[in-house]
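Peer 1: Here is the input, now give the coordinates:
(chains A and B, ligands or ions: 2)
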Protein chains: 2
Amino acid sequence: MSQSFDIAVVGATGTVGETIVHILEERDFPVGELHLLASLESAGSSVPYRGKNVRVREVDAFDFTQVRMVFFAAGPAVTLSFADKARAAGCAVIDLSGALAQAQAPQVVPEANAQKLQGLPKPVQVSSPSPSATALAVVLAPLRGLLDIQRVNVTACLAVSAQGREAVSELARQTAELLNLRPLESTFFDRQMAFNLLAQVGKPDAQGHVPLEKRLVRELRDVLGMPGLKVSVTCVQAPVFFGDSFSVSVQLAGPVDLDAVNALLEAADSIELVEAGDYPTAVGDAVGQDVVYVGRVRHGVDDTSELNLWLTSDNVRKGAALNAVQVAELLIKDQL
Amino acid sequence: MSQSFDIAVVGATGTVGETIVHILEERDFPVGELHLLASLESAGSSVPYRGKNVRVREVDAFDFTQVRMVFFAAGPAVTLSFADKARAAGCAVIDLSGALAQAQAPQVVPEANAQKLQGLPKPVQVSSPSPSATALAVVLAPLRGLLDIQRVNVTACLAVSAQGREAVSELARQTAELLNLRPLESTFFDRQMAFNLLAQVGKPDAQGHVPLEKRLVRELRDVLGMPGLKVSVTCVQAPVFFGDSFSVSVQLAGPVDLDAVNALLEAADSIELVEAGDYPTAVGDAVGQDVVYVGRVRHGVDDTSELNLWLTSDNVRKGAALNAVQVAELLIKDQL
Ligand SMILES: NC(=O)c1ccc[n+]([C@@H]2O[C@H](COP(=O)([O-])OP(=O)(O)OC[C@H]3O[C@@H](n4cnc5c(N)ncnc54)[C@H](OP(=O)(O)O)[C@@H]3O)[C@@H](O)[C@H]2O)c1
Ligand SMILES: NC(=O)c1ccc[n+]([C@@H]2O[C@H](COP(=O)([O-])OP(=O)(O)OC[C@H]3O[C@@H](n4cnc5c(N)ncnc54)[C@H](OP(=O)(O)O)[C@@H]3O)[C@@H](O)[C@H]2O)c1
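Peer 2: Numbering: from 1, shown residues only, chains lettered A, B, ... in the order given. Ligands and ions are numbered 1, 2, ... in the order given. Okay, the predicted model is just below:
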């Protein structure tokens, strides 16, 4: 008899939460009872799961002792309000909001640092990093042994779906307004998002860094286990609905053997390396997929100590929901 | 009596050529007779100049002895076919196609290396660099004295207008097709350009570099007079009609004083530094302007030897037509 686990998804009506439910079904996760939670606003609505419509309930009234594990996918404020309650009820917590401190809930990307899940105090709390850190970690992890990495330069071109459903509708609406020569309105974004790039995703601190950039540096160091790694990062909001793209330039202590890099990328389960001379795109390749796509693997224009890569990844799926479910799969093996 | 100069613009019906004509008028360039040239296809059409419609003629039949100076804005093949003829007729040549070798026609961005125009063999030949190299040179030139630059990392997010009129129509058409849920067609681009990013602008060589990237590295070194400069570059085609954006990370030998950087950028005529905490965009700021916009001036997340910048520039205007006209203005001062 195989064991099953009662599970709650907080934020089940959202972009990430719905995808978690979908992936639990797809991967045949041994779910016993599934509890879908959201705010009062969507309590009473339902989400499809295994051919049935599962009713969504309000998180405020939920009795966490009913479940063994909770996914938090409803924003940092909701995690901060309910994670302690869940833990007090004995639930394992997997947070996708970035709200929990690293010491409390380590960032885990199974392809890079699954060992972090061993020996955590019970009930365990784990964080699924930002989609950018997740994609970069998946690709850089298998190269750690080969490369003496001095610095990683990243320009992350992020999909609007990373900002939730309002952002998606605004890009669609603005685009239609422009094509129909109607006056343009910005309510979610601070200016025209359609046919434009916005270089600041979030509010900058006094030093000019936005939270997303600081988070990416911190999470990438944690997940790769390279606390001193130099990471130079700019996050850009691109007029793309789904799928993140990353322009990555890695500086190495010495010349890098591209054949060896390609062999390691080719061998990694969670990476799809496209053919030499080709390149992946967010929309055409990564969206809906369980792997991070890699292309344009090359040296610098005349610098063999530089490794350049172009990555694309489904921010909602590979960058968030799937990573969280992969963590859950490891937890139920030996930590629950 | 002020002197005037008879001038030809080859490619006068194109995106860049039309803008050259417009800027010659706007800046009151001392044009005597203006000859507008293109292919047989648009011979007979006309382009507005100083309130009149100037008839476009075929370049093949043109007698270059009629003019003192020729702008070539019709692609490399046209430059290679006619530049020698123009020079043999005694014309100064300003090429915007990138077809001429550096030894033959130095790359000039007046804000960075106007001195290159001195003492050139007559009749002079000058190249206006790619829009990316031009924008980067305008911004890095005033910082050369302050900074000990070790490396420049650039991700250039390029507007489709850099590829001419067909590319512009394809982005518009594809976007409308997607919004109307019609099947998508790609003829100019090799895949969906709307709501997507294409990481390879041109055909890569065996090493994976596209011509635009190699050109940017070469031109930037030439124009800045820094032959050993390490430049790491990725050119990305963005779903943006007009205006290029650049994510730039400069590595320095030691800590950089941001106040000093801001003061130099602020003082430069061809740069608009936006307020701290703000950032410029291609569409909202740079398009139609004579300056390169700079924002997000900041250190690395915890590295004061890193200088990060976000630039936006009008690829057609500041990146090409205006730069060429600025070169012409210097040439008529003392080289013609
Ligand atoms: N989208 C991504 O690419 C991505 C990737 C990684 C991590 N994340 C993180 O995941 C979280 C959710 O993002 P999302 O993109 O899925 O957002 P979303 O589409 O806007 O969905 C938000 C979800 O949270 C619920 N919610 C909001 N306020 C609530 C409250 N007070 N109490 C209970 N539930 C509440 C919403 O329920 P109602 O229907 O009741 O409003 C909805 O289910 C955020 O922390 C985000 O940063 C997002
Ligand atoms: N767009 C940019 O951002 C940009 C920036 C810097 C440099 N450039 C360079 O400037 C050049 C023109 O670019 P563009 O964007 O302006 O292209 P475009 O809009 O497609 O215009 C091309 C121009 O060249 C003419 N032409 C084409 N074939 C010709 C031929 N065989 N003989 C004579 N004229 C011919 C066209 O005339 P018809 O009307 O007769 O076809 C038209 O005037 C290219 O080399 C490009 O790389 C472009």
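
Peer 1: For A:S97, grab the count of nearby residues.
Peer 2: Residues contacting A:S97 under the criterion other C-beta atoms under 10 Å in any protein chain shown number 21. Every C-beta, even on glycine, is put in place using the N, C-alpha and C of the backbone.

Peer 1: surely it meets A:S81?
Peer 2: No - with contact defined as C-beta atoms under 8 Å, A:S97 does not reach A:S81; the gap is 11.0 Å.

Peer 1: which ones are touching A:T304?
Peer 2: Residues in contact with A:T304 (C-beta atoms under 8 Å, 6 or more residues apart in numbering or on different chains) are A:255-256.

Peer 1: what are the phi and psi angles of it?
Peer 2: The phi and psi values for A:T304, taken as degrees, to the nearest 10, are phi -80, psi 0.

Peer 1: so who does the closest residue to ligand 1 within the stretch 201-336 of chain A touch?
Peer 2: Nearest residue of the stretch 201-336 of chain A to ligand 1, counting by C-beta to the nearest ligand atom: A:A320, 3.4 Å away. By C-beta under 8 Å, 6+ apart, A:A320 lies in contact with A:16, A:19, A:73, A:96, A:128, A:131, A:134.

Peer 1: separation between it and A:L147?
Peer 2: A:A320 sits 27 Å away from A:L147 when distances are taken as C-beta to C-beta, to the nearest Å.

Peer 1: Quick one, which of the contacts of A:A320 are buried?
Peer 2: Among these, those classed as buried by 16 or more other C-beta atoms under 10 Å in any protein chain shown are A:16, A:19, A:73, A:96, A:128, A:131, A:134.

Peer 1: ok, of the residues you listed, which one's closest to chain B?
Peer 2: Ranked by distance to chain B (C-beta to the nearest C-beta), those are led by A:P131 at 15.5 Å.

Peer 1: Do I have it right that the closest one meets A:D244?
Peer 2: Yes - under the criterion of C-beta under 8 Å, A:P131 makes contact with A:D244 at 5.9 Å.

Peer 1: Do I have it right that A:F246 meets A:L158?
Peer 2: No - A:F246 lies out of contact with A:L158 (C-beta under 8 Å); the separation is 9.3 Å.

Peer 1: Need the overlap of contacts for those two.
Peer 2: In terms of C-beta under 8 Å, 6+ apart, A:F246 and A:L158 are both contacted by the residues A:S132.

Peer 1: And the strands in the stretch 51-200 of chain A?
Peer 2: With strands called from DSSP state E, counting those that start in this stretch, the stretch 51-200 of chain A shows them at A:52-58, A:69-72, A:92-95, A:125-127, A:149-158.

Peer 1: So the first one, near ligand 1 or not?
Peer 2: No - interface with ligand 1: strand A:52-58 contributes nothing (C-beta under 6 Å from any ligand atom), its closest point being 7.4 Å away.

Peer 1: List the buried residues for that strand?
Peer 2: Across strand A:52-58, burial judged by 16+ other C-beta under 10 Å covers A:54, A:56-57.

Peer 1: I'd like to know which helix or strand in chain A has the lowest mean pLDDT.
Peer 2: Across the helices and strands of chain A, mean pLDDT, DSSP states H and E gives its lowest value to helix A:165-179, namely a mean of 93.

Peer 1: Which SSE is immediately downstream of that one?
Peer 2: Next along the chain after helix A:165-179, taking DSSP states H and E as the criterion, comes helix A:211-224.

Peer 1: Tell me what angle that following helix forms with strand A:149-158.
Peer 2: Counting by axes from the mean of the first three to the mean of the last three C-alpha atoms, to 10 degrees, helix A:211-224 lies at 130 degrees to strand A:149-158.

Peer 1: Tell me which other helices or strands helix A:211-224 touches.
Peer 2: Applying 3 or more C-beta pairs under 8 Å, 6 or more residues apart in numbering or on different chains; DSSP states H and E, one finds that helix A:211-224 makes contact with helix A:110-113, helix A:131-140, strand A:149-158, strand A:230-237.

Peer 1: quick one, which of these is packed in tightest?
Peer 2: The highest average neighbour count among the helices and strands packed on helix A:211-224, using mean count of other C-beta atoms under 10 Å in any protein chain shown, belongs to helix A:131-140 at a mean of 28.

Peer 1: Quick one: mean pLDDT for that helix?
Peer 2: Helix A:131-140 comes out with an average pLDDT of 98.

Peer 1: ok, residues contacting it?
Peer 2: With C-beta under 8 Å, 6+ apart, helix A:131-140 has contacts from A:107, A:109, A:111-113, A:128-129, A:149, A:152, A:154, A:156, A:158, A:162, A:212, A:215-216, A:219-220, A:223-224, A:235, A:244, A:246, A:248, A:250, A:265, A:268, A:270-271, A:292, A:294, A:309, A:311, A:313, A:315-316, A:318-320, A:323.

Peer 1: before we move on, what about stretch A:197-214?
Peer 2: Here stretch A:197-214 makes contact (C-beta under 8 Å, 6+ apart) with A:130, A:132, A:157-158, A:189-191, A:233-239, B:157, B:238, B:240, B:245, B:247, B:276-277, B:279-282, B:295-299, B:301, B:308, B:310.

Peer 1: where are the low-confidence patches of chain A?
Peer 2: A:1 (pLDDT under 70).

Peer 1: I'd like the domain boundaries of it, if you could list them.
Peer 2: A:5-129+A:320-334, A:134-315 (automatic domain parsing).

Peer 1: now for the first one, what's the gap between its first and last residues?
Peer 2: End-to-end span of domain A:5-129+A:320-334 (C-alpha to C-alpha, to the nearest Å): 13 Å.

Peer 1: go on, stretch A:220-235?
Peer 2: End-to-end distance of stretch A:220-235 (C-alpha to C-alpha): 14 Å.

Peer 1: Do it and ligand 1 come into contact?
Peer 2: No - residues of stretch A:220-235 are not located near ligand 1 by C-beta under 6 Å from any ligand atom, the shortest gap being 12.7 Å.

Peer 1: what separates that stretch from the chain centre, distance-wise?
Peer 2: 16 Å (C-alpha atoms, centre = their mean, to the nearest Å).

Peer 1: now do stretch A:78-96
Peer 2: Relative to its chain's centre, stretch A:78-96 lies at 19 Å (C-alpha atoms, centre = their mean).

Peer 1: Cool, thanks, signing off.
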